[in-house]
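**Student:** can you look at this prediction? I've put the sequence above it.
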Amino acid sequence: MAALLWSALWQIRDPGRDQFAALAAAPVVALLLMIPAWAIGLAADAFGRWLERRRGESSSPAWRRFVAGFLLGSAAVATYVSAMAG
């Protein structure tokens, strides 16, 4: 997955490339970058559910935990991409 992401980012970043190749690579990059954000969102939901069960609290809506984790994951992915771009 990392090699595919790097290849797609390079297609977009390299100005000497064909514009069609860059346009074709953009959705691939967007989808590949969403995978870690979704995974972090699901992990945050599972962790929140486990923590609530352990404390004996009533369950908060799952979508809140997922959205919080998804936003955290999106921020992590954006930070990683900006660090890669230099």
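**Tutor:** That came through fine.

**Student:** what packs against the helix or strand hosting Phe47?
**Tutor:** Element membership for Phe47 (DSSP states H and E) is helix 19-55. Applying 3 or more CB pairs under 8 Å, 6 or more residues apart in numbering; DSSP states H and E, one finds that helix 19-55 contacts helix 2-13, helix 62-85. Quick note: C-beta positions are derived from backbone N, CA and C, even for glycine.

**Student:** lowest mean pLDDT across those helices, which one is that?
**Tutor:** Looking at these, the lowest mean pLDDT belongs to helix 2-13 (a mean of 63).

**Student:** picking up where we left off before, next, the buried residues of the helix holding Phe47.
**Tutor:** Within helix 19-55, the residues that qualify as buried are 22, 25, 28-29, 32-33, 37, 40-41, 44-45, 48, counting by 16 or more other CB atoms under 10 Å.

**Student:** ok, stretch 57-70 next?
**Tutor:** In stretch 57-70, counting by 16+ other CB under 10 Å, buried: 65-66, 69-70.

**Student:** residues making contact with that stretch?
**Tutor:** 37-38, 40-45, 47-49, 52 (CB atoms under 8 Å, 6 or more residues apart in numbering).

**Student:** if we use 10 Å, what do you get?
**Tutor:** Around stretch 57-70, the neighbours that count as contacts under CB atoms under 10 Å, 6 or more residues apart in numbering are 34, 37-49, 51-53.

**Student:** ok, now stretch 42-56?
**Tutor:** By CB under 10 Å, 6+ apart, stretch 42-56 touches 57-60, 62-73.

**Student:** what's the most distant pair in these?
**Tutor:** Ser58 and Gly73 (25.8 Å; CB to CB).

**Student:** quick revisit: and the buried residues of helix 19-55 as a markdown table, adding pLDDT?
**Tutor:** Below are the buried residues of helix 19-55 laid out as a markdown table (pLDDT from 0 to 100):
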| residue | pLDDT |
| --- | --- |
| Ala22 | 61 |
| Ala25 | 67 |
| Val28 | 72 |
| Val29 | 72 |
| Leu32 | 75 |
| Leu33 | 75 |
| Ala37 | 80 |
| Ile40 | 81 |
| Gly41 | 80 |
| Ala44 | 81 |
| Asp45 | 80 |
| Gly48 | 80 |
